[in-house]
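What follows is a predicted protein model with its sequence.
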Amino acid sequence: MTSNGFVQLAVYLGVLLACVKPLGFYMARVYSGSGTFLDRFIGPLERLLYRLCGIEKSAEMTWRQYSVAILTFSLLSFLAVYVLQRTQVWLPLNPESLPAVSPDSSFNTAVSFTTNTNWQGYGGETTMSYLTQMLALTVQNFVSAAAGMAVLVTLIRGFTRHSTETIGNFWVDLVRGTLYILLPISLLFAVALVSQGVVQTFNSYHEVAFLEPTVDAEGQAVTRQSIAVGPAASQIAIKQLGTNGGGFFNVNSAHPLENPTPLSNFLQLLAILLIPAALCYTFGEMVSDRRQGWAVLAAMLVIFVPLLVATTITEQSGNPILTRLGVDQSASDSQPGGNMEGKESRFGIVNSSLWAVATTAASNGSVNSMHDSFTPLSGLVPMWLMQLGEVIFGGVGSGLYGLLMFAIVAVFLSGLMVGRTPEYLGKKIGAFEMKMAALAILFPCAMVLVGTAVAVVSASGRATIFNPGPHGFSEVLYAFSSAGNNNGSAFAGLGANTPFYNGLLGLAMLVGRFWVMLPVLAIAGSLAAKKTVPAGPGTLPTHTPLFVVLLVAVVIVVGALSFFPALALGPIVEHLLLANQE
Amino acid sequence: MTKTSTRLFDRKILGDAIRASFWKLDPRVQLRNPVMFAVYLGSILTTILWLNSLSGSTGESSTFVLGVAMWLWFTVLFANFAEAIAEGHGKAQAASLKKSRTTVIARKIANKADRITEEVSATDLKIGDIVIVKAGETIPADGEVIEGVASVDESAITGESAPVVRESGGDRSSVTGGTRVISDWLIIQVRTLPGQSFLDRMIAMVEGAKRQKTPNEIALAILLAALTLIFLLVVATLLPFSIFSVEVSGQGRAISLTVLVALFVCLAPTTIGALLSAIGIAGMNRLSQANVIAMSGRAVEAAGDVDVLLLDKTGTITLGNRQATRFIPASGTTEKELAEAAHLASLADETAEGRSIAVLAKKQFGLRGRELEHIQPHFVPFSARTRMSGVTLDGHSIRKGAAEAVETHVRSLGGFLPEDVRVAVQEIAKSGGTPLVVSRDDKVLGVIELKDIVKGGIKERFAELRQMGIKTVMITGDNPLTAAAIAAEAGVDDFLAEATPEAKLSLIRDYQKGGRLVAMTGDGTNDAPALAQADVAVAMNSGTQAAKEAGNMVDLDSNPTKLIEIVNIGKQLLMTRGSLTTFSIANDVAKYFAILPAAFAATYPALKALDLMRLSSPSSAILSAVIFNALIIIALVPLALKGVAYRPVGAAQLLRNNLLIYGVGGLIVPFMGIKAIDVMLTLMRIA
Amino acid sequence: MFTQLRTAALVLMALTVLTGGVYPLVVTAIAQLAFPRQANGSLIQQGDQITGSELIGQPFSRPEYFWGRLSATGPHPYNAAASSGSNFGPLHPGFKEAAEARILALHSAGSSGKVVPVDLVTASGSGLDPHISPAAAEFQVPRIAVARKMSEGAVRELVSQHTEGRQLGILGEPRVNVLRLNLALDQPQGN
């Protein structure tokens, strides 16, 4: 790895961390209902929306009502996305006359986008009309993200409130998150991206002549190129901000019109981790102890940074097979070197590795290089980051509430170890919280393991595996790790647009979203009802490096112990086999 | 305090425990512990696999399968053993208690005045019956003394050989069935039914018959069940994974059921699962060894969480009574003169305060009562009217008493209270002491300072409590000024002065409203409401029946500072669970490194790189992991019984220590253990 | 329950209009006004003819053109209507075959000897990568010079004109735009 590589990583982390406090503080004000500087512009719009929809802003919900509201909203969202795909052929804004999407693919995509997974079984430019991209996908990019943040906020309220039944109003949290946070920032990002060359047009695809004609697979001469365009920038901005990740084009942010320059790449990378990182500060701010927020952010970074460096280094070391063919894989000022298969020249190794780690740490899932072609160990990292439960940054809202589930387990263990009934932020952690936290951790794990098991023993599961050997196993494991934890990225070799995978992965995404969300809401309700215990000298502080270490250990141990055998049969053995090639 | 402790591995207990380990193989017993039940099923499954492998058609070495099956059974037996041995210790204690529950003949009388007795069996007594118990007889049931004073030997339940006084009325009126009257007689009204007496409840508690899972235990059980479930999934899905791997690699064979079961048992948190109930029982045992009987396990656990400790001043923080500490003479009088006068005035004063004046005079000036025998003193006892006591001899009247009383007295004789004495009186009062002014005739000689003597070492104990995060509050009937001074001297965090039962109760409620857990000790009937309200309420065994009923623990030694020990035991209980859970989970890492390369040796020989321990063969690797997993249970039984050492340091320090020992230690130990077992197996050519 | 359903439907509709309709339209309006070239695909205009997009690569295999990255799009390489990577795992036989074929092609086209820069033998992620590394361009300079009967210096001069450094001096990798460079090669040379 060159020194410039380290500088790029450092600059990225520096800018990201610099944004945490201002944005985190702003979001805390949005969710606690105190005024923000945007009130003057957005306030009237917000009030209009409440009036149109008949929302009583001050009406509070119990956790059960809140859950019903989220589920109802998600169900309607699912139906809307499904119907739009199935009917796009008859609807406007379809200049390429794309046909209706198949039922199983429509199901999968509808689940995928309403669960904030944004797994893409389809190729964007060959499947979705502009109208579908906007009204179905872009909308879900906003609201599924806002719903995730809303659930996080209820959990925070659970900590801050005491002796009460209610945890907020879903409609208000949803609308405020969308209007005050996602929309304004998306607007800024979208315009910045266009300036770099991301397309934003309603025109049809451009036809241009090749300078030098080529031949296709059948040997037919091809003289022209059809360049897909569309209203991409507006969708890309929210796809990154809302940790959605569903690309406008098939290859996502590896596509030069979706991510044309290193700067657009930097901005998108920033957008991927921006809100998940800043929400840590929001958490600290709202529980009136900022150190708590910094502590969870530190826990995330403690896992993130070493994995990032490790991935970059292994990816930079290249493929021994190419070395034997006499290919130069060394990094220098005139070439990126390393394993360039599936990577773009403008991004090189560093930005591709950084993206891979960031997008899987966050439950974003967009890619700017093909993870399937990574060297085994650097392919292991993204996979494992998802298997950790998408809690290292994770999805907007969902990442932090997932990590807080682990924190509850960590608090419980450490409470026992210091001889005190565990308490977190003044709330005693009892059997109910443990049960719910265990469910939230258990279900995604189960989905990944069982889904992979079913796929590798069934004929339809094996039929579309692309790579031979253990790498094929990795493809399936990656797919279920991604779906079960609502990430959405893929080892794209796996042909996942089949009824089998569309169905099974769709199920995994549903479980991964709602079987975590509902226990979290239940905990929020239970915590809100509890008394707050004032901290004393016997209370274990949860903002210290020691607690951060413990939290990190719990996350890693659960993730490692659950997936070590599977990883051993995929990337680990593949790495050993590849090493034997030398 | 004598401890009725038994050695950790008494031979009798050991023998019983080994037998019980087999009795406990009953599936109904196993079902109570989900983690161990899973191991139990695994043992049965591997046994069937062994029988199957005997035919030779499975392609698996039947000695290997037998080895795994045997060690799985051992794992189950070891867990049973751990529980049985903890129960054994409890039973041993209960047995010694039971000895005092021999059938007793009670002498029933119709009423207090009645002297005609009717002999009935103690088991036939009903609540409200009145019995008379004479010297040498055993008290037939729990009850309250309604007449008489007697010394009672309570060693059967307290282990304390010195007899205690029981009398009607007041705070020493409660008696316990099974204890013996040594002198005099008592008339007792029965307060509990036979079979529900205090002794019975104690026995039931110690035997663990009434042991319910505590909230923390339930939460931990959920965590362990979740982990077990995860590992079950990991292992179950490994079969399809391996089938697929065999196909793509074109070599080896799918992982066998025996290896899967072995892997599952190694991964499941069996160490903590096996020791969990032993830890709970041992905690109760430790408590009863400290001569405290808890009415529920919940109370013990709550003790670990206590935030606020309410302590009575008298007897807990200070020695029972005030004592003379200083003579302050008036100007013109020497200290010795004052001491002599004070000594004379106190000769007949049999109160503790009076005696302490004599003691101080003796210590400072060598004055002895005997020297004064030749004089014919006329003692004036304390009276509520004069509020003075003293002596008249040689025509001099020496008096001591409260400042105002003595001032009135000397004024009536034409004297006055000198200014320096008045200042001294005020200063003493301000510093929390009690001034006693001494006069001879019309002359005020000076002041004796009486002070509450704070118990030695108590300040250090409070500092310990503060480190543990527990706030101490002193309860006293004194005025705020005095209370503040003593509080400062004893190092308590806060005090409640001029306390009434109502004030105590509302203080507890206030703390609880703030989310704090309150512990208190008490002995009097007027403590009962507060005891009932407190989260951890330790009643003194010497206290009234009402107090004992209201509390959730009874301290047989009636030692108010026992609370500190109880808190320690509560914390130890939680810590032992937490530490062993951490240890158990940390162990899994090494087991993966042992079993996985072995399980896939044929399919992916490259995975041999993960065999960090360089184990001799795949079957030896798997067997070593299983054996380690079983042996570690036995190795940790003493720790489970004794509990993890607790030192009163801050929470963070404790966590750091325990993480280092049980977390990091738990990572490293199995690597060494498994390797050692592997070397031994190879040497013995077993695998 | 029914009121929840009604509210849910209304909120979904309102937010759909706002985020799915108003928002993309506003972005489009700003984009078309402020950055019309970029918003429409950064097309390269030569006279009144569009010769491609500077962001979308094209396939080259003649010795006189600089070659770009391998493209795994189907059915033909550099299909900008169906972006795709190869998805070859590091042990996939196809991965090695493609690299070997490329090396052979480079050699038979006249690029001799030296070790081949890795980006010339690997497929890009999008299959549309418009760039190669300066090292990959330098590797091809002698071949171009021979094929076009130009001096290597003149070719190098053109290459360096079409080389972009790291953005803002830090971000990304130095790179050469293959299509732009080849278009420049085809232009009548001034000297």
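Arrived safely, thanks for sending. Numbers count the residues shown, from 1 in each chain, chains lettered A, B, ... in the order given.

Just the pLDDT at the closest residue to chain C within the stretch 1-150 of chain B, thanks.
The nearest approach of the stretch 1-150 of chain B to chain C comes at residue B:59, 30.1 Å away (C-beta to the nearest C-beta). (C-beta placed from N, C-alpha, C; glycine too.) What the model reports for residue B:59 is a pLDDT of 77.

how long is stretch A:330-350 end to end?
Stretch A:330-350 has an end-to-end distance of 13 Å (C-alpha to C-alpha, to the nearest Å).

Then stretch A:286-295?
14 Å.

any residues touching that stretch, and which ones?
A:24, A:28, A:31-32, A:153, A:156-157, A:159-160, A:280-285, A:425, A:542-544, A:547-548, A:551 (C-beta atoms under 8 Å, 6 or more residues apart in numbering or on different chains).

For the residue of the stretch 1-150 of chain B closest to chain C, grab phi and psi.
The phi/psi pair for residue B:59 (degrees, to the nearest 10) reads phi 80, psi 10.

follow-up on the earlier one: mind checking which of the contacts of stretch A:286-295 are in helices?
A:24, A:28, A:31-32, A:153, A:156-157, A:159-160, A:280-285, A:547-548, A:551 (DSSP state H).

What subset of those is buried?
Among those, those classed as buried by neighbour count (16 or more other C-beta atoms under 10 Å in any protein chain shown) are A:24, A:28, A:31, A:153, A:156-157, A:159-160, A:280-285, A:547-548, A:551.

How about the residues of the stretch 301-450 of chain A by chain C?
Residues of the stretch 301-450 of chain A lying near chain C by C-beta under 8 Å from any C-beta of the partner chain: A:318-319, A:321-322, A:325-329, A:332-348, A:351-352, A:367-370, A:372-376.

Contact residues of the stretch 151-300 of chain B facing chain A?
Residues of the stretch 151-300 of chain B lying near chain A (C-beta under 8 Å from any C-beta): B:215-216, B:218-220, B:222-223, B:225-226, B:229-231, B:233-234, B:236-245, B:248-249, B:267.

does whichever residue of the stretch 201-350 of chain B sits closest to chain C sit in a helix or strand, and which one?
Ranked by C-beta to the nearest C-beta, the top residue of the stretch 201-350 of chain B for proximity to chain C is residue B:248, at 11.2 Å. Using DSSP states H and E, residue B:248 sits within helix B:215-249.

Buried residues in that helix, which are they?
B:215-231, B:233-235, B:237-246, B:248-249.

Excluding covalently adjacent residues, which one is nearest to the closest residue to chain C within the stretch 451-600 of chain B?
Residue nearest to chain C within the stretch 451-600 of chain B: residue B:600 (17.6 Å; C-beta to the nearest C-beta). Closest residue in space to residue B:600, ignoring its immediate chain neighbours: residue B:607 at 5.0 Å, by C-beta to C-beta, 6 or more residues apart in numbering or on different chains.

give the contact list for the one you found.
A:568, A:572-573, A:576, B:596-597, B:600-601.

Okay, now the unreliable bits of the chain?
If you meant another chain, say so; for now it's chain A. Residues of chain A meeting the criterion pLDDT under 70: A:1, A:537, A:582.

wrong one, I was asking about chain C
Looking at chain C by pLDDT under 70, you get C:1, C:113, C:189-191.

if you skip the residues just before and after it, what's nearest to the closest residue to chain A within it?
Residue nearest to chain A within chain C (C-beta to the nearest C-beta): residue C:172, separated by 2.5 Å. Nearest residue to residue C:172, sequence neighbours excluded (C-beta to C-beta, 6+ apart): residue A:262, at 2.5 Å.

how close does the one you found sit to residue A:451?
Using C-beta to C-beta, to the nearest Å, one gets 37 Å for the distance from residue A:262 to residue A:451.

Quickly list the domain ranges of the chain.
In the absence of a named chain, chain A is used. A:25-208+A:226-283, A:292-581 (the TED database).

please go with chain C instead
Domain segmentation of chain C under automatic domain parsing yields C:1-40, C:44-186.

Tabulate those in JSON lines, adding columns for distance to residue B:337.
Formatted as JSON lines, those follow (distance: least, C-beta to C-beta, whole Å):
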{"stretch": "domain C:1-40", "distance to residue B:337": "93"}
{"stretch": "domain C:44-186", "distance to residue B:337": "94"}
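
For the spatially most central residue of chain C, list the residues it contacts.
The centroid of chain C falls nearest to residue C:130 when counting by C-alpha atoms, centre = their mean (1.8 Å). Contacts of residue C:130 were listed using C-beta under 8 Å, 6+ apart, and they are A:256, C:53-57, C:68, C:177-179.

Quick check: it vs residue C:35, distance?
According to C-beta to C-beta, residue C:130 and residue C:35 sit 18 Å apart.

and the residue in the stretch 401-550 of chain A that chain B sits nearest to, how many neighbours?
Here the stretch 401-550 of chain A gets closest to chain B at one residue, residue A:538, 1.9 Å apart by C-beta to the nearest C-beta. Residue A:538 has 24 neighbours, counted by other C-beta atoms under 10 Å in any protein chain shown.

Please look at it and residue B:468 and confirm they touch.
Yes - judged on C-beta atoms under 8 Å, residue A:538 makes contact with residue B:468 at a distance of 5.6 Å.

Select the longest strand from chain A.
strand A:206-215 (DSSP state E).

Neighbouring strands of that strand in the sheet, and parallel or not?
Within its sheet, strand A:206-215 is paired with strand A:221-227 (antiparallel), according to DSSP bridges.

ok, then the element right after the strand it pairs with?
Proceeding N to C from strand A:221-227, the next assigned helix or strand is helix A:232-241, under DSSP H and E.

C-alpha coordinates for that next one, CSV please?
Extracted in CSV, the C-alpha atoms of helix A:232-241 (Å, rounded to 0.1, in the frame of the first residue of the first chain):
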residue,chain,number,x,y,z
ALA,A,232,-29.7,8.9,-11.8
ALA,A,233,-28.2,11.6,-9.6
SER,A,234,-31.3,12.2,-7.5
GLN,A,235,-31.5,8.5,-6.8
ILE,A,236,-27.8,7.9,-6.1
ALA,A,237,-27.7,10.7,-3.5
ILE,A,238,-30.5,9.0,-1.4
LYS,A,239,-29.3,5.5,-2.2
GLN,A,240,-26.0,6.3,-0.4
LEU,A,241,-27.4,8.6,2.4
